[in-house]
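Trainee: this one's structure only:
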Ligand SMILES: Cc1cc2nc3c(=O)[nH]c(=O)nc-3n(C[C@H](O)[C@H](O)[C@H](O)COP(=O)(O)OP(=O)(O)OC[C@H]3O[C@@H](n4cnc5c(N)ncnc54)[C@H](O)[C@@H]3O)c2cc1C
């Protein structure tokens, strides 16, 4: 049987997950380009319950693994006005055990890397891509070591994707005026698998369980404030925001800072090149959507290849179907998460009105809550 050759550029969480998923198809050879990733030690990702199955299958990972924390409840606390408004969500409302499973990026990346090393269908090349020539018939990739030809090249090389640039796929990018700080706290009151989200004027402070008395922190505020923050100030902000719910908090003396930005590729393919994960879409880290969107890119492409009679993975019919099947989901998340983000960070009257209506409706209407919860979990695509 003819074997088709796929190159995956980028061995981040999405690139490695894609490589393992595609290795189940027997008529393709996979070459994965990139270095073993090292993420910030505090960076965790909440993987939605609806997406977690992929890791049960590929890594034999169980939700009860000690490195995974269940996210069963979340509490949104709006401190924008003088009177606090609080909304509670419980996974039990929609008959789920948990909304999501929170996992350290480094733990997941190490597990994926180990599995890839043991997988004989994947060639791992510890090389970075430097050039690409593509047309409708073939794609050639260049590294410092030489060049090779593929039937399909998949860009999984993250938000600054070189593959997106080299394939001349247009995209829009916006850098917000905020920065994102991630760190971890130890707290005296157990979190009981609850994530807390404190909304203040132009800032957001979120805690996500990493164990019973430890939570990851994601803090979004103006770049000016975050980039120059000192440990005492950070301690105070976290204590003021979370001590009502988590008791005494001790903040790690280390943290990482990310820019707050959003990217949307106009199209997910060109010739024999396609994009997955953050090379195609970046959204602000609210509502646990970013990686989950990338996991749905992977499942969609895998299902498409497995079900198709046209085996050539770089054929236009396959790539345009992938684009059409993913477009609406990406567009909906991109629009809704950015609107939500701007309503949280912006003090403009229109956005505040939107927030107030949202809060009122969310507290009163069970139907709206259910729609939001199931949409957030992507049951209705
Ligand atoms: C603070 C924060 C919190 C988040 N929380 C969540 C959450 O709770 N839930 C959620 O779903 N998502 C979340 N996200 C989003 C999620 O982290 C990302 O969507 C995900 O990590 C992106 O993975 P990726 O593999 O697409 O990109 P990356 O992790 O950036 O991987 C890209 C890889 O490509 C490699 N590469 C780059 N250039 C080349 C080249 N030329 N040749 C070869 N390799 C190359 C890089 O070295 C890197 O290893 C969060 C993001 C942030 C910033």
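Mentor: Yep, it's here. Predicted model, so just to flag it, every value in this text is computed and none were measured.
Trainee: hey, let's count contacts and neighbours off CA atoms from now on
Mentor: Noted.
Trainee: Show me what the closest residue to residue 134 other than its chain neighbours bridges to in the sheet.
Mentor: Nearest residue to residue 134, sequence neighbours excluded (C-alpha to C-alpha, 6 or more residues apart in numbering): residue 140, at 6.3 Å. On the basis of DSSP bridges, residue 140 is bridged to residue 133, residue 149.
Trainee: tell me which parts of the protein are close to the ligand?
Mentor: 9-15, 33-34, 37, 45-47, 128-130, 156-158, 161-162, 182, 258, 277-278, 285, 288-292 (C-alpha under 6 Å from any ligand atom).
Trainee: Selection in ChimeraX covering whichever of those residues are buried, please.
Mentor: Buried residues within the residues of the chain next to the ligand, by 16 or more other C-alpha atoms under 10 Å, are selected in ChimeraX with:
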select :9,10,11,12,13,14,15,33,34,45,46,47,128,129,156,157,158,161,162,182,277,278,285,288,289,290,291,292
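Trainee: In helices only, show me the residues of the chain next to the ligand.
Mentor: Using DSSP state H, the subset of these located in helices is 13, 14, 15, 162, 290, 291, 292.
Trainee: Dump these to TSV, plus pLDDT.
Mentor: Formatted as TSV, these follow (pLDDT from 0 to 100):
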residue	pLDDT
13	98
14	98
15	98
162	97
290	91
291	95
292	93
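Trainee: those helices in the stretch 251-381 of the chain, which residues are they?
Mentor: 290-307, 316-345, 349-364, 366-376 (DSSP state H, counting those that start in this stretch).
Trainee: Let me know the average pLDDT across the third one.
Mentor: What it means is helix 349-364. For helix 349-364, the mean pLDDT works out to 56.
Trainee: got it, and the second one?
Mentor: Confidence over helix 316-345, taken as the mean pLDDT, stands at 91.
Trainee: And that helix, what's buried?
Mentor: Here helix 316-345 shows 318-320, 322-323, 326-327, 329-330, 333-334, 337-338, 340-345 as buried, counting by 16+ other C-alpha under 10 Å.
Trainee: quick check: angle from it to helix 290-307?
Mentor: For helix 316-345 against helix 290-307, the angle by axes from the mean of the first three to the mean of the last three C-alpha atoms, to 10 degrees is 170 degrees.
Trainee: Report the beta-bridge partners for the residue lying closest to residue 194 once chain neighbours are set aside.
Mentor: Nearest non-adjacent residue to residue 194, counting by C-alpha to C-alpha, 6+ apart: residue 73, 4.6 Å away. Beta-bridge pairing of residue 73, defined through DSSP bridges, involves residue 90, residue 194.
Trainee: ok, how many other residues are close to residue 73?
Mentor: Counted by other C-alpha atoms under 10 Å, the residues lying close to residue 73 total 21.
Trainee: repeat for the one 3 residues further on
Mentor: By other C-alpha under 10 Å, 17 other residues sit near residue 76.
Trainee: residues contacting it?
Mentor: Residues near residue 76 by C-alpha atoms under 8 Å, 6 or more residues apart in numbering: 86, 87, 88, 196, 197, 198, 199.
Trainee: Who are the contact partners of the fifth one?
Mentor: I take that to be residue 197. When contacts are counted by C-alpha under 8 Å, 6+ apart, residue 197 touches 74, 75, 76, 77, 204, 205, 206, 207.
Trainee: what about it, is that helix, strand or coil?
Mentor: What DSSP: H, G, I helix; E, B strand; the rest coil gives for residue 197 is strand.
Trainee: which residues sit in contact with the closest residue to it other than its chain neighbours?
Mentor: Excluding the flanking residues, the one nearest residue 197 by C-alpha to C-alpha, 6+ apart is residue 206, at 4.4 Å. By C-alpha under 8 Å, 6+ apart, residue 206 lies in contact with 195, 196, 197, 198, 217, 218, 219.
Trainee: Nothing else from me, thank you.
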